[in-house]
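Student: Need a 3D model of the sequence below.
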Amino acid sequence: MARNRKLDPEALRELRQAFHEECQRGVPIGRAVKTMRTIAGLDQPAFARLLKIAPRALMEIERGHANPTLHTLEKIGAAFGLQVGFIPKDR
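Tutor: Numbers count the residues shown, from 1 in each chain. Okay, the predicted model is just below:
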């Protein structure tokens, strides 16, 4: 499987912690997916294969130009112990 440059353990821990904190506040889907892929250390084609989705679909999701199905979002989230749900909207 192709990989991005490897993050050192401390940088990876900090990225995961920042991601989980951001998820608590709400994060756009594209940015969340790209961050999860970065944490996994995979490039887009490898992450798409892992999730069993088309590489083009993953690229469009990360760019914020896609309308992924709930099933696709659940597959992406499940790989990181996350579930899809509603969050309060900032006023």
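Student: how about the residue nearest to the spatial centre of the chain, what does it touch?
Tutor: For the chain, Val33 is the residue whose C-alpha lies nearest the centre (CA atoms, centre = their mean; 2.0 Å). For Val33, the contact set (CB atoms under 8 Å, 6 or more residues apart in numbering) comprises Leu58, Ile61, Glu62, Ile76. Backbone N, C-alpha and C define where each C-beta goes, glycine included.
Student: list the helices and strands the strand or helix carrying Arg16 packs on?
Tutor: Using DSSP states H and E, Arg16 falls within helix 9-25. Packing partners of helix 9-25 (3 or more CB pairs under 8 Å, 6 or more residues apart in numbering; DSSP states H and E): helix 29-40.
Student: Now do the helix it packs on and helix 9-25, the angle between them.
Tutor: 160 degrees (axes from the mean of the first three to the mean of the last three CA atoms, to 10 degrees).
Student: How about helix 29-40, which residues are buried there?
Tutor: Going by neighbour count (16 or more other CB atoms under 10 Å), the buried part of helix 29-40 is Ile29, Gly30, Ala32, Val33, Lys34, Thr35, Met36, Arg37, Thr38, Ala40.
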